[in-house]
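Novice: Sequence first, then the predicted structure:
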Amino acid sequence: MRKQVDSDDQHRIAIAHGRDRAAAEKVGFSPLRKGFILCFIIMLYLMRLFFATDFHGSETCFRKFIAAARFYDCSALFLGGDLAGKALVPIWKKNPSTWQSITHRKVVEMNTRGEVQEFEKRMAAIGNYTAVFNEDEYQQLTSTQRTAILVRLICRRMADWLDFAADRLKNTDIKIFAIAGNDDPPDLDNLLRSSSVLAFADGSIVELGGDLQVLGYGFSTPTPWHTYREQTDPEMKLALERLSGFLDHEKGTIFHLHAPPFGSGLDLAPKLDMELRPIMSSSGPVMEPVGSQAVADLIKECQPLIGLFGHVHESRSVTCLGKTLCANPGSAYSEGRLLGFITEIANQKVIDWQLTEG
């Protein structure tokens, strides 16, 4: 974390910006010297934040995310929701030396334990989970039992991720500010809360350091898949109004929300028919806004410095709602590509921002 800006520093920044002309003239600052002092102070108190979201279990994306901390010289990392993957890929043990699985509608034959491990790594890279079953064992499992196995595997991978992050970020001041998403089972919450390297901001307000605070919320509006964390817009409005009542209005605020604001251009997703298939036109998929009006209304009311959003993978974009810079970096987790957003803040102002890909 960068040093907190105190009242004397605020005054020096004001002089460097030229807002306190009498003080500037008194100390004899030339325009060149003012510019040098401004650059020095901004660098001294600059915070560089990196945000990425919707990993859906992708081992590759999470490892790249942690590496981004040092690569971009970040002050903090912001981890968006939908950390959990969606698919359990069974591996059937056919006999002592043969295993079989099906992925992308293709049968995969494995003849050594090394081949099994390589297959498991490939599945983890794109967010899938694997488990080995006897030939008839998986077929006999109920839907509830399969879900329970998937949730256990989700929690196991998250625990591994947190250990990995703690190891790679040790001896640094870099903290991860995380929320859950609509696809994340509640079982993850205790894991995230107990981490020494992570501040779980979901449903709360946490201090970022200096004069900044983070409001986090991981619910989405209803989806056709009836996922773990969904609310109607009126329900979300009540929850966000209650949460925002605890904001310190003397501090700069970052909204760290899973659901993007409705109609912002950050929430455009393919329109689906009754069978959940994309509706096509002559120019491609028909797109429609699927974000939250409650989120849009809260941004207009509170005007935070920055809004960080996810949920809609296809809607990679940056826009402004009033004075608030809003970003959805999108997600390409199934390809192992890390899509991100970097922003720099100093003196409760956004200095710069950039979308990233790697």
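Specialist: Cool, got the structure. This is a predicted model, so every value here is computed, not measured.
Novice: mind listing what the residue most central in space within the chain touches?
Specialist: The centroid of the chain falls nearest to Gly80 when counting by C-alpha atoms, centre = their mean (1.7 Å). Shown in contact with Gly80 (C-beta atoms under 8 Å, 6 or more residues apart in numbering): 51-54, 178-179, 181, 256, 258, 308-310. To be clear about C-beta, it is placed using only N, CA and C from the backbone, and glycine gets the same treatment.
Novice: Then Leu162?
Specialist: If a contact means C-beta under 8 Å, 6+ apart, then Leu162 has 191-192, 195, 197-198 as its contacts.
Novice: can you check Val312 too?
Specialist: Contacts for Val312 were tallied using C-beta under 8 Å, 6+ apart; they are 260, 266-269, 290-291, 328, 330.
Novice: Identify the residue spatially nearest to Lys121, adjacent ones excluded.
Specialist: Glu59 (7.8 Å; C-beta to C-beta, 6 or more residues apart in numbering).
Novice: Was I right to think the one you found contacts Ala125?
Specialist: Yes. Contact status for Glu59 versus Ala125: in contact at 5.3 Å, counting by C-beta atoms under 8 Å.
Novice: OK, contacts around Leu266?
Specialist: By C-beta under 8 Å, 6+ apart, Leu266 lies in contact with 260, 291, 309, 312, 315, 317, 319, 326-328.
Novice: Format these as TSV; extra columns: pLDDT and secondary structure.
Specialist: Formatted as TSV, those follow (pLDDT from 0 to 100; DSSP: H, G, I helix; E, B strand; the rest coil):
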residue	pLDDT	secondary structure
Pro260	98	coil
Gly291	97	coil
Phe309	98	coil
Val312	97	coil
Ser315	97	coil
Ser317	97	strand
Thr319	98	strand
Cys326	98	strand
Ala327	98	strand
Asn328	98	strand
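Novice: quick check, nearest of those to Gly340?
Specialist: Ala327 (9.6 Å; C-beta to C-beta).
Novice: Spell out which residues sit in contact with the closest one, please.
Specialist: Residues in contact with Ala327 (C-beta under 8 Å, 6+ apart) are 51, 266, 306-309, 317-318, 341, 343, 353, 355.
Novice: follow-up on the earlier one: please tell me how far the residue nearest to the centre of the chain sits from Val206.
Specialist: Gly80 sits 15 Å away from Val206, going by C-beta to C-beta, to the nearest Å.
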